[in-house]
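[1] No sequence on hand, only this structure:
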């Protein structure tokens, strides 16, 4: 099972692909960021984000996707632009026919670090450890996207365990 995790942003959107093996182990398949030019108008940036996501989906062919939910931000302008990016990403995933799950930052931290209030460094260290990587993935947005994918694999396992117990 190949899971695509996405950390939405307008300037940088992190993506991380995690493969869940038959034995339940997790492996980093690929990670990185989609960059848009801050000198371009927002419609052009959103179009670039959409096209880059479509290309990523065509090349990697994930089975499922997970996206970080927008959390409350004091900077309303930034929150609106991230919300626009999230909408474009969700549209692209839906167009590709992928099952999509959404997780709050607290849910992601809890699933990855065991603490919903974990700081960024703790989550990054756990991403590195859980995926058996030599270093913390860079940039931060890519590490965050891998955390989203890990959260989704853990949530899938819990739902599977729940449905077999019912």
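    Nice, thanks for sending it over. Treat the numbers as computed from the prediction; the structure is a model and nothing was measured.
[2] Identify the residues contacting the closest residue to residue 95 other than its chain neighbours.
    Nearest residue to residue 95, sequence neighbours excluded (Cβ to Cβ, 6 or more residues apart in numbering): residue 54, at 7.8 Å. Where you see a C-beta, it was placed from the backbone N, CA and C, and this is true even at glycine. Applying Cβ atoms under 8 Å, 6 or more residues apart in numbering to residue 54 gives the contacts 92, 95, 96.
[3] Residue 60 versus residue 54, what's the distance?
    The gap separating residue 54 from residue 60 is 11 Å, by Cβ to Cβ, to the nearest Å.
[4] Using neighbour counts, pick out the buried residues of the lowest-mean-pLDDT helix or strand in the chain.
    Sorted by mean pLDDT, DSSP states H and E, the helices and strands of the chain end with helix 140-165, the least confident at a mean of 81. Within helix 140-165, the residues scored as buried using 16 or more other Cβ atoms under 10 Å are 140-156.
[5] ok, now stretch 114-122?
    For stretch 114-122, burial by neighbour count (16+ other Cβ under 10 Å) applies to residue 118.
[6] From the rest of the structure, what touches that stretch?
    Contacting residues not belonging to stretch 114-122 are listed as 106, 107, 109, 110, 112, 113, 126, 140 [Cβ under 8 Å, 6+ apart].
[7] for these, which one is nearest residue 22?
    Closest to residue 22 out of the contacts of stretch 114-122 is residue 112 (21.9 Å), distances taken as Cβ to Cβ.
[8] tell me which element that closest one falls in.
    Here residue 112, judged by DSSP states H and E, is contained in helix 105-113.
[9] residues contacting residue 106?
    Taking Cβ under 8 Å, 6+ apart, one finds 116, 117 in contact with residue 106.
[10] now the helix or strand hosting residue 79: how far from the chain's centre is it?
    Assessed by DSSP H and E, residue 79 sits inside helix 76-95. Relative to its parent chain, helix 76-95 has a centroid offset of 13 Å by Cα atoms, centre = their mean, to the nearest Å.
[11] again with stretch 121-131
    How far stretch 121-131 lies from its chain's middle: 14 Å, per Cα atoms, centre = their mean.
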